[in-house]
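Visitor: sequence first, predicted model second:
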Amino acid sequence: MKHFSFFTLAALLFPLLMAGPVTARIDIDISSAELRKIPVAVPSFSNGKAGESGELGGEMAETIAKALEFHGFISVIPSQSYGGGQQKDWLEVGADFTVIGKYTEADNKVTMEIRLLDNSTSRMVLGRRYRGDSDKNRIMLLKFSNEIIKTMTGEPGVSLTKISFVSEKNGVKEIYLSDIFGDEPRQITKHNQIAVSPRFTPDNLFLSYTSYHSGNPNLYLTELAQDKITTPISRREGLNMAPAWSPDGETMVLTLSSTGNPDLFLMSRDGEIIRQLTKNAGINVSPSWSPDGNELAFVSDRSGTPQIYIMNMSKRTVRRLTYLGNYNSTPAWSPGGDQIAYSGYYENQYHIFLIPVEGGRPTRLTRLWGDHETPTWSPDGRQLAFTRNLNGDKKICAIYNNGSGFRVLFDWEGNESMPQWSPRPNS
């Protein structure tokens, strides 16, 4: 059982002080498959001037509720079960905690005051005051959701992260970006040619991808802030594919086939080859860097079938990690550094597995029919997103790292594949 302490976080984000020190304590094991979800009430926000919630107050509460439930260990009590108002006996409602918010609007600005109450003690355990442009109220709400998760677990939530993926909605594979709720999709590439393998830089400011629009699978880097500056990184003949960015963002490892065989190369951010890491030992693809930068997981068929290997980056020694099954691919190193997720062929389907970095018997996460491929971790290590191919229909799905909570994240027109979860934003 993990023990987490609640600490009042009195420093405000924008940047006013709201409350004095208050403490509480809760014991939860967020990795347990038998986890009892924490019941939380999120009633409609009240309008500080009008003294009522209104439509906007309800939407604000819904935004926080959706963000909290996304993390998997919180259950939000339906507001219709208690009428949606703020004046309730919350223990009688069944809520361990309650989020109480009020807001005011003036001159296209919104001010919010939001509190998290521990209903067992009737005390506030978290409080924030935000002020900003009215069109930024969603960001403020998601920031507070992340603060709630941090208060409960010691680590911020992932409410403000993004997922990049490949979509075929317009008849050709292009790169898209969305928030984790699928509410704000945005097309990144507009080459009208195949674009695949999106990868975020560690600073979360750029996205690399491979595009075939010039006739060769070349590697490009685009700035996410404005989608206008796209820089070619590698246009060598043959594959320039799927880089794994080093934790410091200064180098990357990618697959090049300009020498004839698909091999792994260490490359600088501006496209200069630093060294060749593999040489003619089968096909070598899908690199994934360890969080400390000391090792690299990758896929090679040097043993006869695609398997996952780990390379020590300083010694250049290689060890085989997977032995179960004859086709294991697309490794993704966990943020905690102790596990690797991958897609393995098992009982005539591809499923998502977890395996300890030191090796051993893998744990199968997915159980439903269909092929489950290209896993990617959430920054907190509690969830994975992946592609599910069900009879040719490809969707981005997610699951918690204990195997629970399978759901479709995005269900738009056309096939979606190759998800990549972003780091947390810097601010």
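Guide: Arrived safely.

Visitor: okay, and the beta partners of Leu126?
Guide: Leu116 (DSSP bridges).

Visitor: from Ala65, how far out is it?
Guide: 16 Å (Cβ to Cβ, to the nearest Å). Heads up, the C-betas are built off the backbone N, CA and C, glycines and all.

Visitor: if you count what's nearby, which of these two comes out ahead?
Guide: Legend: neighbour count by other Cβ atoms under 10 Å for Leu126 and Ala65, higher for Leu126 (26 against 22).

Visitor: the strands in the stretch 251-400 of the chain, which residues?
Guide: 251-256, 263-268, 273-276, 284-289, 295-300, 307-312, 318-320, 328-333, 339-346, 349-356, 363-364, 371-377, 383-390, 393-400 (DSSP state E, counting those that start in this stretch).

Visitor: give the other helices and strands that the helix or strand that contains Glu59 contacts.
Guide: Taking DSSP states H and E as the definition, one finds Glu59 inside helix 54-70. When contacts are defined as 3 or more Cβ pairs under 8 Å, 6 or more residues apart in numbering; DSSP states H and E, helix 54-70 packs onto strand 46-47, strand 74-76, strand 97-106, helix 137-153.

Visitor: circling back to that earlier point, as TSV, the strands of the stretch 251-400 of the chain with distance to Tyr82 and mean pLDDT would be great.
Guide: Converted to TSV, these look like this (distance: least, Cβ to Cβ, whole Å; pLDDT from 0 to 100):
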stretch	distance to Tyr82	mean pLDDT
strand 251-256	52	98
strand 263-268	57	98
strand 273-276	61	97
strand 284-289	46	98
strand 295-300	49	98
strand 307-312	50	98
strand 318-320	56	98
strand 328-333	41	98
strand 339-346	40	97
strand 349-356	38	98
strand 363-364	39	97
strand 371-377	36	98
strand 383-390	29	98
strand 393-400	28	97
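
Visitor: now these as CSV including distance to Asn415 and mean neighbour count?
Guide: What follows is these, written out as CSV (distance: least, Cβ to Cβ, whole Å; neighbours: other Cβ atoms under 10 Å):
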stretch, distance to Asn415, mean neighbour count
strand 251-256, 23, 24
strand 263-268, 28, 20
strand 273-276, 34, 12
strand 284-289, 20, 24
strand 295-300, 23, 23
strand 307-312, 26, 21
strand 318-320, 33, 14
strand 328-333, 17, 23
strand 339-346, 17, 23
strand 349-356, 16, 21
strand 363-364, 24, 15
strand 371-377, 12, 23
strand 383-390, 8, 22
strand 393-400, 4, 22
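
Visitor: quick one, which of those strands is nearest to Leu205?
Guide: When these are ranked by distance to Leu205, counting by Cβ to Cβ, first place goes to strand 251-256 at 14.8 Å.

Visitor: partners of that closest one in the sheet?
Guide: Strand pairing for strand 251-256, using DSSP bridges, gives strand 240-245 (antiparallel), strand 263-268 (antiparallel).

Visitor: the first one: how far from the chain's middle?
Guide: On the basis of Cα atoms, centre = their mean, to the nearest Å, the separation between the geometric centre of strand 240-245 and that of its chain is 19 Å.

Visitor: sorry, back to before: the helix holding Glu59 to helix 137-153, inter-axis angle?
Guide: Here helix 54-70 points in a direction 40 degrees away from that of helix 137-153 (axes from the mean of the first three to the mean of the last three Cα atoms, to 10 degrees).

Visitor: list the buried residues in helix 54-70.
Guide: 56-57, 60-61, 63-70 (16 or more other Cβ atoms under 10 Å).

Visitor: one more: stretch 82-90?
Guide: Of all the residues in stretch 82-90, those buried under the rule 16+ other Cβ under 10 Å are 82, 84, 86, 88, 90.

Visitor: would you put the C-alpha positions of that stretch in CSV?
Guide: As requested, the backbone C-alpha atoms of stretch 82-90 are provided in CSV (Å, rounded to 0.1, in the frame of the first residue of the first chain):
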residue,chain,number,x,y,z
TYR,A,82,-28.2,15.6,-5.8
GLY,A,83,-29.6,18.4,-8.0
GLY,A,84,-26.2,19.9,-8.9
GLY,A,85,-26.2,22.6,-6.2
GLN,A,86,-23.4,23.5,-3.8
GLN,A,87,-25.3,23.5,-0.5
LYS,A,88,-25.4,19.8,0.4
ASP,A,89,-24.5,17.3,3.1
TRP,A,90,-21.7,15.8,1.0
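
Visitor: circling back: quick check: which of the helices and strands packed on helix 54-70 is buried the most?
Guide: Of all the helices and strands packed on helix 54-70, helix 137-153 has the most neighbours on average by mean count of other Cβ atoms under 10 Å, namely a mean of 22.

Visitor: tell me the helices and strands packed up against that helix.
Guide: Using 3+ Cβ pairs under 8 Å, 6+ apart, helix 137-153 is in contact with strand 3-7, helix 54-70, strand 97-106, strand 109-118, strand 123-133.

Visitor: for stretch 191-209, measure first residue to last.
Guide: 12 Å (Cα to Cα, to the nearest Å).

Visitor: who touches that stretch?
Guide: Residues external to stretch 191-209 that are found in contact with it (Cβ atoms under 8 Å, 6 or more residues apart in numbering): 164-166, 172-175, 177, 188-189, 210-213, 219-225, 233, 241-249, 252, 418, 420, 422-426.

Visitor: buried subset of the residues you listed?
Guide: Using 16+ other Cβ under 10 Å, the buried members of these are 164-166, 172-175, 177, 188-189, 210-211, 213, 219-222, 224, 233, 241-246, 252, 418, 420, 422-424.

Visitor: show me the residues you listed that map onto strands.
Guide: Secondary structure assignment (DSSP state E) places 164-166, 174-175, 177, 210-211, 219-222, 233, 241-245, 252, 418, 420 from those within strands.

Visitor: okay if I get the helices and strands packed on helix 54-70 as JSON lines plus mean pLDDT?
Guide: Conversion of the helices and strands packed on helix 54-70 to JSON lines gives the following (pLDDT from 0 to 100):
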{"stretch": "strand 46-47", "mean pLDDT": "94"}
{"stretch": "strand 74-76", "mean pLDDT": "97"}
{"stretch": "strand 97-106", "mean pLDDT": "96"}
{"stretch": "helix 137-153", "mean pLDDT": "96"}
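
Visitor: let me have these in TSV, adding distance to Gly325 as columns.
Guide: As requested, those are arranged in TSV below (distance: least, Cβ to Cβ, whole Å):
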stretch	distance to Gly325
strand 46-47	56
strand 74-76	36
strand 97-106	43
helix 137-153	34
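
Visitor: what about those, which gets the closest to Arg388?
Guide: strand 74-76 (24.7 Å).

Visitor: can I see the domain layout of the protein?
Guide: Structural domains annotated on the chain: 3-153, 162-421, as defined by automatic domain parsing.
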